[in-house]
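Trainee: Whatever this is, show me its structure:
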Amino acid sequence: MRKLLMKEMTLSASLLSYLFIGFSLMFFIPGYPILCGAFFVTLGLFQSFQNIRETNDIVFSVLLPIAKKDVVKGKYLFVCLIELSSLLVMFIITLFRMTILKDVPVYLQNTLMNANFFALGGAFLIFGLFNWIFVGGFFKTAYKIGKPFVHFMIMTALLIILFETLHHIPSLAALNAFGFDHFALQLSLLSIGIMMYCLMTLLSDRQACNTFEKIDL
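Mentor: Purely as a prediction, here's the structure:
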């Protein structure tokens, strides 16, 4: 599986998938919906799947001496590698904003979502949706990428709007906590986001393996 992942990283991946990890730095931007950074990371991954389609990478991969389901697992491993790399950057930025930068006026006056553990949980959820809706949708045909990505974009837009709205409700203001205020709540929400990411990714991978086995390439 390590060799298959190396093949995905060096032959199948688009350079944009690596460059778009830089959009994780959007967690630094005040007055901006920071969860859009997670969406832009998935846009970079979309470019890799476009490259996979145009170069007939799926057919090439199936011809390798590996099980058909391993082709699917290789794609998921690569996707998760990019997502987790982006989440690591977001986590580091979040720690900066929750500690060193927590009293900076430009962040205190920010009316949009703060970088905290709730926001990180939201990023995990967006990546989980990408794996479930787009990657899983791609392997229904192993060719079509437009329709599943549009579905993912719609769901992500609604999710970001929801997350940006919730903390404006007085009873839910703690969701937008500064620093380590309401830390137990923040940690709980992050844990839920991580669990949802793992669940959606594992179920999507399992379903995609079963679907891909039935496709006549």
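Trainee: Geometric centre of the protein: which residue is closest?
Mentor: The chain has Phe127 as the residue nearest its centroid, 2.4 Å off, counting by Cα atoms, centre = their mean.
Trainee: what comes into contact with the strand or helix carrying it?
Mentor: Taking DSSP states H and E as the definition, Phe127 sits inside helix 117-129. Residues outside helix 117-129 that contact it (Cβ atoms under 8 Å, 6 or more residues apart in numbering): 27, 34-35, 37-39, 41-42, 83, 86-87, 90-91, 94, 113, 152, 155-156, 159-160, 163, 175-177, 183, 185-187, 189-194, 196-201. Where you see a C-beta, it was placed from the backbone N, CA and C, and this is true even at glycine.
Trainee: How about the secondary structure of the residue located most distally from the centre of the chain?
Mentor: Relative to the centre of the chain, the most outlying C-alpha is that of Pro65, 30.3 Å out, by Cα atoms, centre = their mean. Put simply, Pro65 is coil when judged by DSSP: H, G, I helix; E, B strand; the rest coil.
Trainee: Give me the pLDDT for it.
Mentor: At Pro65, the model reports a pLDDT of 85.
Trainee: quick one: it and Lys3, what's the gap?
Mentor: Per Cβ to Cβ, to the nearest Å, Pro65 is found 11 Å from Lys3.
Trainee: Thought Phe49 was touching Ala13, still the case?
Mentor: No. Counting by Cβ atoms under 8 Å, Ala13 does not reach Phe49; the two are 9.8 Å apart.
Trainee: Sitting in helices, which of the contacts of helix 117-129 do you find?
Mentor: Among the contacts of helix 117-129, the members found in helices (DSSP state H) are 37-39, 41-42, 83, 86-87, 90-91, 94, 152, 155-156, 159-160, 163, 183, 185-187, 189-194, 196-201.
Trainee: which of those residues are buried?
Mentor: Neighbour-count burial (16 or more other Cβ atoms under 10 Å) applied to these gives 37-39, 41-42, 83, 86-87, 90-91, 94, 152, 155-156, 159-160, 163, 186, 189-190, 193-194, 196-197, 200-201.
Trainee: burial measure for Gly179, as a count.
Mentor: 15 (other Cβ atoms under 10 Å).
Trainee: I'd assumed Val104 was in contact with it.
Mentor: No. Using Cβ under 8 Å, Gly179 is not in contact with Val104; the gap is 11.2 Å.
Trainee: Nearest spatial neighbour of Lys7, chain-adjacent residues omitted?
Mentor: Among residues not flanking Lys7 along the chain, Gly74 sits closest, at 7.0 Å (Cβ to Cβ, 6 or more residues apart in numbering).
Trainee: does that neighbour sit in a helix or strand, and which one?
Mentor: Taking DSSP H and E as the definition, one finds Gly74 inside helix 68-98.
Trainee: again, but for Phe212
Mentor: Judged by DSSP H and E, Phe212 forms part of helix 183-213.
Trainee: tell me the mean pLDDT for that helix?
Mentor: Averaging pLDDT along helix 183-213 yields 95.
Trainee: again with stretch 142-154
Mentor: Rounded mean pLDDT across stretch 142-154 is 95.
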